[in-house]
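Participant: Got a predicted structure plus its sequence, pasted below:
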Amino acid sequence: MTEFEKYIQTYISLIPTDNWIQEMKNATNETLKIYADLTEEQGNFAYAEGKWTLKMLLEHLTDTEKIFSYRALCIARGDQTPLPGFDEVEYAKHGIASQLTNEVLMEEFQLSRLASLVFYAKLPQDRFLLSGNVNGNRISVETIGKLTVGHHLHHLNIIRKRYLPNF
């Protein structure tokens with residue numbers, strides 16, 4: 001197993017059932033419930049020096065959603081152009097989460113996730129098997145979808161363990 005495959009498996013192993021699209025919906029609902037209950041002050045909370053605030057974390061989930069969805073769309077449409085990676089630290093550094101309300105960040109996340117859910121729900125089954133080159137690695141449309149869910153669940157676990165106990 002390559003390092004890339006190990007990285008992917010770390011996230012995919014977090015998905016509790018084989019129905020990853022339903023798990024995507026479940027993770028969405030849980031995230032929106034958590035953020036709906038936060039005050040603005042809590043949204044600006046980071047559990048340690050140098051760690052992201054809850055607002056930054058939600059902006060990261062939204063950015064990642066958009067990037068992963070774009071990758072899946074390109075590959076599902078037969079585009080074999082190699083797709084770049086992205087540096088989440090740089091994205092966060094240049095993000096604007098601190099300037100936005102929890103509500104605005106939740107709305108953008110929800111809309112981005114809805115677009116992903118609609119895309120995957122209408123995608124013909126044979127397209128899930130198509131693969132392309134992302135950041136120098138082969139990956140299928142289905143694996144990108146599962147990675148989206150596993151990545152989200154990874155961050156939900158961090159929110160539960162490192163953020164919520166402080167409130």
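Facilitator: All right, it came through fine. Numbering: from 1, shown residues only.

Participant: Sort out which residues of the lowest-mean-pLDDT helix or strand in the chain are buried, please.
Facilitator: Scoring the helices and strands of the chain by mean pLDDT, DSSP states H and E places helix 3-12 at the bottom, with a mean of 95. The neighbour-count check on helix 3-12 (16 or more other CB atoms under 10 Å) flags 8, 11, 12 as buried. To be clear about C-beta, it is placed using only N, CA and C from the backbone, and glycine gets the same treatment.

Participant: Backbone dihedrals for the nearest residue to residue 31 once chain neighbours are set aside, please?
Facilitator: Spatially, and ignoring its direct neighbours in sequence, residue 31 is nearest to residue 156 (6.4 Å; CB to CB, 6 or more residues apart in numbering). Backbone geometry at residue 156, expressed as degrees, to the nearest 10, gives phi -60, psi -40.

Participant: where exactly do the strands run in this protein?
Facilitator: Under the criterion DSSP state E, the chain carries strands at the ranges 131-134, 137-140.

Participant: among these, which is the most enclosed?
Facilitator: Ranked by mean neighbour count, the strands of the chain are led by strand 131-134 with a mean of 18 (mean count of other CB atoms under 10 Å).

Participant: ok, residues contacting it?
Facilitator: Residues from elsewhere that reach strand 131-134, judged by CB atoms under 8 Å, 6 or more residues apart in numbering: 71, 74-75, 79-83, 85, 138-141, 143-144.
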